[in-house]
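S.K.: Need a 3D model of the sequence below.
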Amino acid sequence: MMPDPTFARRAAMRPNTCRHRLAIPGVLVPSFDETITENIAASLAEIPHPSLPKGSSIYGGTKIFPDYQAENGESYFTLVHGIAHESSVSFVAVLQATRALRKGFESAMYFYGPGAINCLATRGFPTTGDSGFPGEQNINNSLETFISEGGTVFCCRFGLALHGGREEDLIEGVIPAHPLDVQDALIHYARKGAIINSTYMV
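M.R.: Sure, this is the predicted structure:
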C-alpha cells in the first residue's frame with residue numbers, strides 16, 4: 001500500500017514539539033509536551049504518597065455523649081425521602097433506626113416520595129437478589145434485618161406509583177400506606193413524644 005501523500009504533507013507542517021512519557025511506578029501518564037510533563041512531576045512531588053502508612057491513626061476515638069438507651073415507652077421515628085444508592089442518607093437512616101431499635105426504642109421508619117423505592121425486593125442484577133456491584137443489596141439486607149428484629153417499616157403507595165414500583169414487590173414485612181398517612185404518621189409519633197429523624201434528599 002502506497003503512503004498517503006496528503007497525510008505526509010500535513011505531518012510535515014506540524015510543529016516539532018518534544019513529547020515525553022513519565023515513568024512513574026503505579027501511575028499511567030500519557031504523552032505530554034515538556035512543560036506539562038514537568039508540571040505533572042512537580043505536582044506529584046509536592047506531597048509524598050502515601051503521607052502515612054496504612055493503619056495510621058489520624059482521628060481520636062473519644063465518644064462525647066453517653067450511649068443512651070431507651071426509657072420506658074420511648075419511640076424513634078425515621079422519615080426517609082431519598083433515592084436508593086443515589087442518597088447515602090437513606091442507608092445511614094436504616095442503620096440509625098436499627099441502632100435505636102437495639103437501644104430499646106420502639107423504632108419505625110416511613111419511606112415516602114422517591115424513598116419508597118428503597119423498599120423494593122426486586123433490586124438486583126443480572127437477577128433479583130444479585131449484587132451487580134458491591135453493596136447493591138445493602139439497603140435490602142439492612143431493612144430485612146430491621147424488620148426481623150422488630151422494627152416497623154411503612155412505604156407510601158404514592159411514592160411507589162411515582163416511580164413505577166409495584167406493591168407486590170415490596171420487601172416482606174414492609175407495610176404499604178396511603179399517601180395521606182405520611183402527615184398523620186408524623187402527628188402520631190410526635191404526640192407520642194418520639195425522637196424524629198427526618199432525612200431528605202434534594
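
S.K.: all contacts plus neighbour counts: C-alpha atoms, from now on.
M.R.: Will do.

S.K.: the domain parsing of this structure - what is it?
M.R.: 19-48, 75-200 (automatic domain parsing).

S.K.: Between those, which has the poorest mean confidence score?
M.R.: When those are compared by mean pLDDT, domain 19-48 comes last with a mean of 76.

S.K.: what are the bridge partners for His81, then?
M.R.: Per DSSP bridges, the residues bridged to His81 are Tyr200.

S.K.: Name all residues that make contact with Gln118.
M.R.: I think there's a mix-up here, since residue 118 is Asn and not Gln. By C-alpha atoms under 8 Å, 6 or more residues apart in numbering, the residues touching Asn118 are Ile83, Ala84, Ser90, Phe111, Ile139, Asn140.

S.K.: Among those, which one has the most neighbours?
M.R.: Ranked by neighbour count (other C-alpha atoms under 10 Å), the contacts of Asn118 have Phe111 at the top, with 29 neighbours.

S.K.: how much space between it and Thr78?
M.R.: 8 Å (C-alpha to C-alpha, to the nearest Å).

S.K.: For the domains of the chain, state which one has the densest average packing.
M.R.: domain 75-200 (a mean of 18; mean count of other C-alpha atoms under 10 Å).

S.K.: Could you give the separation of that one from the chain centroid?
M.R.: 14 Å (C-alpha atoms, centre = their mean, to the nearest Å).
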